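Undergrad: for reference, the sequence and a predicted model appear below.
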Amino acid sequence: LQLVESGGGLVHPGGSLRLSCTTSGGTFEDYAIGWFRLAPGKEREGVACMRNDGVIPAYADSVKGRFTASRDNAQNTSSLQINSLKPEDSAIYFCAVAKYYYCTTYRSEWEDNMDLWGKGTLVTVSS
């Protein structure tokens, strides 16, 4: 399986973006999808983890109510809709996959369980 993120860019505070994770070369529906971000000077953090059936047991507290992850198993893609953007949302956003992983509410577990990572897409929130 290969992953490619897209959809990043420069956006004003309060704006929205829709990030996409396009996969190829594998059985997408076997994989959980994780969305992560890496901001300057910070550690990479898990934003959302989505099971293969689309259930998302948890979002990072900092993005709840603003970010929505989804997946389309028929199209082998996942999306992250990000609304009401703030400057502190500026980061490189990554999607990752974990075969047969059952996402839990424990965000600290997500990253270590991911098998494959995309190269990321940059989101910059600035006026």
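TA: Looks like it came in fine.

Undergrad: tell me where this protein has helices.
TA: Listed in chain order, the helices of the chain (DSSP state H) span 107-113.

Undergrad: nearest the middle, which residue of it would you pick?
TA: Compute the mean C-alpha point of the chain, and by CA atoms, centre = their mean the closest residue is Trp35, 2.1 Å away.

Undergrad: give the bridge partners for that residue, please.
TA: Beta bridges link Trp35 to Ala48, Cys95, judged by DSSP bridges.

Undergrad: tell me how far it lies from Lys119.
TA: According to CB to CB, to the nearest Å, Trp35 stands 14 Å off from Lys119. (Each C-beta comes from the backbone N, C-alpha and C, glycine too.)

Undergrad: distance of Asp112 from Ala74?
TA: Distance from Asp112 to Ala74, by CB to CB: 29 Å.

Undergrad: with Thr23 instead?
TA: Taken as CB to CB, the span from Thr23 to Ala74 is 12 Å.
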